[in-house]
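Q: sequence-free structure coming up:
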């Protein structure tokens, strides 16, 4: 699966993933009004608003980007009706030719991790038949439980040619509380990075350039990103924290390899709620999709400029 | 919420939680046959089988135990239809007077953790109205992202009088890969334990005896359990790994405080698939509920004996 992501990144010249994290407060009033008029101020109404909003964003940007990253928590908060829209969004994005990274941060052990892997990346058996649950291309996973927690995901990735991104160094202010603690003189996240390399060694793209087991390293920690890039030379890095969380293109050059690949930068709010920012306010809520498109174009230029500037 | 759990533990004299982790391979043939005859070998058929199995277990043991712990991965693997049964199971157990610990191991940052908290423990706002998504009493959460990831859950726990159990030292063989690494001469899980105390300090039961912020410490590491008990004197410990994973009552006495409280021991397979064990095989698959009931009685005796023996 990683080779498909790379192919799409090359084609779009955009190592960018748009985070579909549809908080109700981001959704333009006209969409909410229409959804609530039809379904009431109910979970169904919220789910419909989220769906129409997602569709508007995806329709506006799908030709510019390789991938989207729906954050499942933003759907799960609306219970089953929200999760139905998560499923519908995954399907719709795949129809549009996008790679879908489910930001689910799941993690457990043994048969339980396998159940998550099966539900999001593989097929579940019922008697003689097999079915797909949520069917993303990649998902994010949490490493705190160690190899027992990750290997069942890797197994399904190998069977299905899918991928995972393992949390290594997250973008949030308190990520250092545990992730930066020194173990034998080195930050814990570096040890996790080494394990990511180990877990992914047997799960490489056909040309051997990158693994289907990637890593999450926040844009807000460029120094650590530089070190982790070296520790994990064949690991694709999913980079959250660009834009709204403070990361800039210039901070991100060291997340990439010399081949110009190896990283994909996520922006959520900065794209999907662009119309709420001063810079894009002139588009107005009615044209939230156009604002998102312009924000993607600007982000692409920012990153391309930073990568060109390093040479 | 923790005081409600304590009250029920005292009433039942059973510091026991039954893990509702319904793998299809555990479900007796007669239940699967009936469900598949009605719905086919489909996700609906699997969901119906899971539901009938859960109902049979709960009906057989609800008067003996304070709580159940459904493992959401086992439902999520069947997609939306599985998650609908998760929701139905939570509701049914609450109707039966049981405390429900959703074993969801969620964890993210900021507004995303808050979305998970709202979806599982709180209410989500849609316009002027509020709705509950999955509505467990407690959930398990992952601490790898630090305080930013946990505090949004604690906030909702305070608002709603609900609780969480934070993963500290998990029961699996590889849990030591990161959790046992030494930081300033002490295991990482001890630092996580200290943070659990800090996160829960402002979220205590009315009498101040225990916090709504609990911890997960595996039965398979009794030495670490003993240390963590001392580090977290007012933290309730959820203990997985009893029975099928190898933990015995005698190993668990140090997870309890002098008051005989402070820990609740989970058994999943050992109870719900008791009928498949040699010890309970005479019940047969038709009487899987009776086998589960006997397994709960035996577990209660094992733990009570161990606790009596320590005095």
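A: Right, received. Where do you want to start? Remember, it's a predicted structure, so these values are computed and weren't measured experimentally.

Q: quick one: low-confidence ranges for chain A?
A: A:244-247, A:311 (pLDDT under 70).

Q: and the helices in it?
A: With helices called from DSSP state H, chain A shows them at A:2-12, A:29-39, A:43-61, A:73-76, A:79-95, A:110-120, A:147-160, A:176-179, A:188-200, A:222-231, A:269-272, A:288-309.

Q: can you redo those helices as JSON lines with mean neighbour count and distance to chain B?
A: Heads up, the C-betas are built off the backbone N, CA and C, glycines and all. Below are these laid out as JSON lines (neighbours: other Cβ atoms under 10 Å in any protein chain shown; distance: least, Cβ to the nearest Cβ, whole Å):
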{"stretch": "helix A:2-12", "mean neighbour count": "18", "distance to chain B": "22"}
{"stretch": "helix A:29-39", "mean neighbour count": "15", "distance to chain B": "6"}
{"stretch": "helix A:43-61", "mean neighbour count": "22", "distance to chain B": "4"}
{"stretch": "helix A:73-76", "mean neighbour count": "26", "distance to chain B": "4"}
{"stretch": "helix A:79-95", "mean neighbour count": "20", "distance to chain B": "3"}
{"stretch": "helix A:110-120", "mean neighbour count": "25", "distance to chain B": "4"}
{"stretch": "helix A:147-160", "mean neighbour count": "21", "distance to chain B": "4"}
{"stretch": "helix A:176-179", "mean neighbour count": "21", "distance to chain B": "4"}
{"stretch": "helix A:188-200", "mean neighbour count": "22", "distance to chain B": "7"}
{"stretch": "helix A:222-231", "mean neighbour count": "18", "distance to chain B": "14"}
{"stretch": "helix A:269-272", "mean neighbour count": "25", "distance to chain B": "9"}
{"stretch": "helix A:288-309", "mean neighbour count": "19", "distance to chain B": "19"}
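
Q: closest to residue B:276 out of these?
A: helix A:110-120 (14.8 Å; Cβ to Cβ).

Q: and the closest one, how far from the chain's centre?
A: Distance of helix A:110-120 from its chain centroid, counting by Cα atoms, centre = their mean, to the nearest Å, is 19 Å.

Q: wait, what's in contact with residue A:118?
A: Neighbouring residues of residue A:118 by Cβ atoms under 8 Å, 6 or more residues apart in numbering or on different chains: A:124, A:133, A:156, B:77.

Q: same question for residue A:51.
A: A:85, A:88, A:89.

Q: one more time with 7 Å
A: A:85, A:88 (Cβ atoms under 7 Å, 6 or more residues apart in numbering or on different chains).

Q: how far off centre is stretch A:191-198?
A: Distance, centroid of stretch A:191-198 to centroid of chain: 20 Å (Cα atoms, centre = their mean).

Q: no, scratch that, I was asking about stretch A:145-157
A: 19 Å.

Q: picking up where we left off before, now for the helices of chain A, which one comes closest to residue B:209?
A: Judged by Cβ to Cβ, the one of those that comes nearest to residue B:209 is helix A:176-179, at 27.2 Å.

Q: list of residues touching the closest one?
A: Contacts of helix A:176-179 (Cβ under 7 Å, 6+ apart): A:169-170, A:187-189, B:143-144, B:146-147, B:188, B:191-192, B:195.
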